[in-house]
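Student: A predicted structure for the sequence below; I have some questions about it.
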Amino acid sequence: MWELSNVIVSPHSTDNVPGLTNELQTDLLCENLRRYLAGSRS
């Protein structure tokens, strides 16, 4: 799906996940975005 021009891949999360704070979720999103913008697919 990463290679399809008509697909937008976005994160999904749920509230109240034990041990996964909003700050951690934001950190994970930012790191994944940095990897994507750098061209990494892993």
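Tutor: Good, I have the coordinates.
Student: Could I get the pLDDT score of residue 17?
Tutor: Per-residue confidence (pLDDT) for residue 17: 66.
Student: for residue 9, same thing?
Tutor: 84.
Student: The closest residue to it other than its chain neighbours: how many residues sit nearby?
Tutor: Once flanking residues are discounted, residue 9 sits nearest to residue 1: 6.2 Å by Cβ to Cβ, 6 or more residues apart in numbering. All C-beta atoms are positioned from the backbone trio N, CA, C, and that covers glycine. Each residue near residue 1 was counted by other Cβ atoms under 10 Å, and the total is 7.
Student: Check the gap between residue 1 and residue 22 for me.
Tutor: Per Cβ to Cβ, to the nearest Å, residue 1 is found 26 Å from residue 22.
Student: got it, and residue 34?
Tutor: Distance, residue 34 to residue 22, by Cβ to Cβ: 19 Å.
Student: same question, residue 29
Tutor: Separation of residue 29 from residue 22 (Cβ to Cβ): 10 Å.
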